[in-house]
Structure formats: structure tokens, C-alpha cells
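Chemist: just to be clear, the model below is a prediction. Sequence and coordinates:
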Amino acid sequence: MDCLFCKIINGDIPSNKVYEDEKILAFYDIAPQTPTHVIIIPKQHITCADEVDETNCLVVGHIFSKIPLIAKELGLEDGYRIINNCKEDGGQTVMHLHFHLLGGKKLGEKIV
């Protein structure tokens, strides 16, 4: 599989890890949009949100159970934003389910 995030998971491409366990990996984005910009991915390859179903939804719940812990470790006590892009028209550029954890400054109400 020629998936950038799978290569990061496998260690073929280095990343600046923030958090890792048996199910997920979180690492700093190489092109941050905010002072703190972390990508959180399941280690299981799921292409996008459209592929989340009863066979893999527990990993998404696991991600969301770890987000508050990751945010706290990163000093985002005053708030943060979670974004998921789905497919090309939704702005997804890497076809592996991932969530952007954004923070480190006051974010406006508008996403775009």
C-alpha cells in the first residue's frame, strides 16, 4: 500500500511523535496551521470517515478518548479544535482517516 500515514506508522518515514499506543499514533503536522497542530491516526488503515463502520468504529472512539489527554499534555487547557476532512472535495489530501488537533492560540468561530 502506498499510504503516507501507513509508512509513518511502520517507521519507514520519520515523524515527531506526540502519543502512541497499540491502536493510534499522534504526531506533529509538518505544515502546521496553528502553533500546535497534531495529526491523530488509527494504525489500522481506514481510508476516510465514509469507511467507519461497526467493524472499526471502536478505534475512532479510542482516538476521541485520548484527545483530551493529548491536548492536556500539549498545554491546550484553554481549548482546541478537532477537524476531519473526508475525500477530495472535503479537503482530504492523505487517504488515511486522520484528525487534526489544532490549538495554541484563540481560534475564531469560522473554520474557513
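Modeler: Nice, thanks for sending it over.

Chemist: going along the chain from the longest strand seen in the chain, find the next helix or strand for me.
Modeler: Counting by DSSP state E, the longest strand found in the chain is strand 36-42. Remark: after strand 36-42, the chain's next helix or strand is helix 57-73, criterion DSSP states H and E.

Chemist: helix, strand, or coil at L25?
Modeler: The three-state assignment at L25 reads strand, by DSSP: H, G, I helix; E, B strand; the rest coil.

Chemist: and if you look at C6?
Modeler: C6 is classified as helix under three-state DSSP.

Chemist: give me every residue that touches it.
Modeler: 45, 96 (Cβ atoms under 8 Å, 6 or more residues apart in numbering). C-beta here means a position set from N, CA and C on the backbone, and glycine is covered the same way.

Chemist: do you know how far it is from V18?
Modeler: 18 Å (Cβ to Cβ, to the nearest Å).

Chemist: low-confidence ranges in this structure?
Modeler: Applying pLDDT under 70 to the chain flags residues 1, 112.

Chemist: just want the most central residue of it.
Modeler: I40 (2.4 Å; Cα atoms, centre = their mean).

Chemist: for that residue, give me its contacts.
Modeler: 19, 24-26, 63, 66-67, 70, 98-99, 101.

Chemist: can you say which of those are buried?
Modeler: The neighbour-count test (16 or more other Cβ atoms under 10 Å) marks 19, 24-26, 63, 66-67, 70, 98-99, 101 as buried among those.

Chemist: any idea which of the residues you listed is closest to D50?
Modeler: Nearest to D50, judged by Cβ to Cβ, of the buried ones among the contacts of I40 is H98 at 13.8 Å.

Chemist: is it true that the closest one touches N84?
Modeler: Yes: counting by Cβ atoms under 8 Å, N84 is a contact partner of H98 at 7.2 Å.
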